[in-house]
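*Asks:* okay, sequence plus prediction incoming.
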Amino acid sequence: MVLWRYSKHGWLQKDLSRNSSHFISSLIQHLQREFPLKDLGSLSFLGIQVTQTPHGLHLNQSKYIVDLLSRVHIDGSKLAPSPCGTRVKMSHFDGDPLANPTFYRHVVGALQYCILPRPEIAFLVNQLCQHLHSPMSTNWSSVKLVLRYLIGTIGHGLFYAKSTLQLQAYCDSHWAGCLDDCQSTSGFAVYLGNSFVSSSAKKQPVVSCSSTKVEYRSLAITTAELYWLCMLFQEIGIPLPIARIIWCDNISALALASNSDIFTKGLSSARFAYLKSKLLVLPPINFKGAVKDTILQHEDSAISP
């Protein structure tokens, strides 16, 4: 519990979580005499159960998932080790139309709500949502696979423990992953210390002819999310002293992000020479020597000014 008190120096915050339960109870009783209050019991938010431990907070939706499984009548099915396979690619033309598409929309809509404490199913639920207008039998098979995975992991959820204020993100993309329109899928995950705080998995609005462009666009989307979080922490008065980090596994996208100045503006001679060397624009190579040695020599000499 946190108590806010206003003084001549502004708002002051007092942490009451370490005080005795007797003091907290007396404080609540005092507030009830002044204001209409209702004790809602243990902490919960929009159906998300919060378990407090000495090491942190555990968020799960076990009750919500049990209710969903009972509505779908899939309680006793065989468990699945993961919500999807390595070659999941859905198409509007695979399978037969469902006789009851309304029920499909109801179940997939419920799975969207499960993503809050269970981000590991976000990719497949995102794929299933793209077929809400005309679901097919293959889509329903994927829905049942997700439900079978949730059966064996009902109590799983996000865990938040005390950690550093280092903000870092991981981004990736799937080039031309959609079989119907060849659009790519971008995704990112943002961590504050060791705690998961934000994620996204959605199709890019345009079709890219290069995987580098797809990865670079994913990098830009992740950068915008990190910037928004930095501004949010700044507004609530929490400084982030550690530099923000974005992890990307595409070398071409990283090179484009590092060398974009050379394509957009005039540069000093030293900066231009450095970025030119990063692009591996080299003088004619003597084929009597080693090409590899020449490249390494230019990399060693290209020191950032």
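*Replies:* Perfect, I can see it now.

*Asks:* could you pull out the strands in the stretch 151-300 of the chain for me?
*Replies:* 157-161, 167-174, 185-192, 195-203, 245-248 (DSSP state E, counting those that start in this stretch).

*Asks:* now these as TSV including distance to Y104 and mean neighbour count?
*Replies:* In this view, the C-beta of every residue, glycine as well, is placed from N, C-alpha and C. Below are those laid out as TSV (distance: least, Cβ to Cβ, whole Å; neighbours: other Cβ atoms under 10 Å):
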stretch	distance to Y104	mean neighbour count
strand 157-161	26	16
strand 167-174	24	20
strand 185-192	21	20
strand 195-203	20	16
strand 245-248	35	15
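
*Asks:* dump those to a markdown table, plus distance to T51 and mean pLDDT.
*Replies:* Output for these, formatted as a markdown table (distance: least, Cβ to Cβ, whole Å; pLDDT from 0 to 100):
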| stretch | distance to T51 | mean pLDDT |
| --- | --- | --- |
| strand 157-161 | 9 | 87 |
| strand 167-174 | 26 | 87 |
| strand 185-192 | 20 | 87 |
| strand 195-203 | 15 | 85 |
| strand 245-248 | 30 | 87 |
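
*Asks:* in CSV, list those strands along with distance to Y274.
*Replies:* Output for these, formatted as CSV (distance: least, Cβ to Cβ, whole Å):
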stretch, distance to Y274
strand 157-161, 42
strand 167-174, 25
strand 185-192, 29
strand 195-203, 34
strand 245-248, 21
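
*Asks:* looking at the ones you listed, which is nearest to L111?
*Replies:* strand 195-203 (13.1 Å; Cβ to Cβ).

*Asks:* endpoint to endpoint, stretch 188-198 covers what distance?
*Replies:* 8 Å (Cα to Cα, to the nearest Å).

*Asks:* so how far is that stretch from its chain's centroid?
*Replies:* Centroid separation for stretch 188-198 versus its chain: 7 Å, with Cα atoms, centre = their mean, to the nearest Å.

*Asks:* do the same with stretch 36-48
*Replies:* 27 Å.

*Asks:* now that stretch: mean pLDDT?
*Replies:* Across stretch 36-48, pLDDT averages out at 74.

*Asks:* return the residues in contact with I242.
*Replies:* By Cβ atoms under 8 Å, 6 or more residues apart in numbering, I242 lies in contact with 164-167.

*Asks:* make JSON lines from these and add distance to V50 to it.
*Replies:* As requested, the contacts of I242 are arranged in JSON lines below (distance: Cβ to Cβ, whole Å):
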{"residue": "T164", "distance to V50": "22"}
{"residue": "L165", "distance to V50": "22"}
{"residue": "Q166", "distance to V50": "24"}
{"residue": "L167", "distance to V50": "23"}
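
*Asks:* if we can go back for a sec, closest to S211 out of the strands of the stretch 151-300 of the chain?
*Replies:* Closest approach to S211 among the strands of the stretch 151-300 of the chain is made by strand 167-174 (7.9 Å; Cβ to Cβ).
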